[in-house]
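A.B. asks: What would the 3D arrangement of this be:
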Amino acid sequence: MAWELWNKYEEEINVDFQTFFDPINSIQDKIDKISLIVPDNLPTYDEVAYTLYWTQIERYFIQCNGGVGYDNFIAKRFLGHMLLYWLILSKKSISNDDVEKCCVEIETAFYVFLNCIYNIKEKWHAFLNTTKEKNDIIFSTLNSKGKDLVLEKLNLLYNDIKKLCYARTYLVHDVFHIRYNRTNALLNIGRSDFTLSEENLWKTKSSSKIHQITVSDALNKFVDLENHRYELLNVLSTIKYVDINKLKGKYLDEKRKQYTYTTK
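C.D. replies: Residues are numbered from 1 along each chain as shown. Modelled structure (predicted):
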């Protein structure tokens, strides 16, 4: 079983594994230190609104209780799977059967990883309340400067992962396949040329290698994604980019003419 390989070689390749993962862990350490700085002597309702605002951001975008935090946790878990089996293939002399097991584990982990990357992007858009076209932010508790900064950073995030998002499209919307080629250390993502359409088979173009990516490329893209998470959270943790009146308005019970705070 694949877990037998994991248990057998995990300790031997741990140093190499940690070296690859150090950049990701370093960014997480930086993210964990981000906090919302609220000035002294704020009106009580302002302070409560800011506190609740940041508590929810921490819950869904820093911790792994849900939202981006949870997808981030899963992505790292399966990125670790990919890396470990890739290191076994790269550094150990193993049987052909074990080679096949490693390749399958890399392919399976990449499938989950790719979906998590797409989920993270979509959840940022939903949280920040972008338009359907995702080119603007509307009805936001951020002020105009905050919206501009966040949208700029969101666009940079997408530019770094858009090829992975395109690859994920084939996993969801096509009859796809993923194959890990040990010879050139490439994950090949393609789709079947055969469907029940009437199109002549001789007219269809081969699409067995629509997207190609290495394990180290996947690691680097996740580092990029984590850096963008850090940059976005830095903006969101700066209260000068938040419209406090709109933020308080989220908690205003107009019928009772009072603020009602909830953590749901």
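A.B. asks: Determine the set of other helices and strands touching the worst-scoring helix or strand of the chain on mean pLDDT.
C.D. replies: Every helix and strand in the chain was compared by mean pLDDT, DSSP states H and E; the lowest is strand 258-259, with a mean of 73. Applying 3 or more Cβ pairs under 8 Å, 6 or more residues apart in numbering; DSSP states H and E, one finds that strand 258-259 makes contact with helix 44-57, strand 252-253. Where C-beta positions appear, they are placed from N, C-alpha and C, glycine not excepted.
A.B. asks: all strands of the stretch 51-200 of the chain, in order?
C.D. replies: 176-181, 186-191 (DSSP state E, counting those that start in this stretch).
A.B. asks: Mean neighbour count, these: which tops it?
C.D. replies: strand 186-191 (a mean of 20; mean count of other Cβ atoms under 10 Å).
A.B. asks: Are there helices or strands packed against it, and which ones?
C.D. replies: helix 96-128, helix 144-173, strand 176-181, strand 211-213.
A.B. asks: tell me the mean pLDDT over the first one?
C.D. replies: The predicted model assigns helix 96-128 a mean pLDDT of 94.
A.B. asks: any idea how far it is from the chain center?
C.D. replies: 10 Å (Cα atoms, centre = their mean, to the nearest Å).
A.B. asks: cool, the second one as well?
C.D. replies: Relative to its chain's centre, helix 144-173 lies at 10 Å (Cα atoms, centre = their mean).
A.B. asks: Show me what it is packed against.
C.D. replies: Looks like helix 144-173 contacts helix 96-128, strand 186-191, strand 211-213, helix 215-236 (3+ Cβ pairs under 8 Å, 6+ apart).
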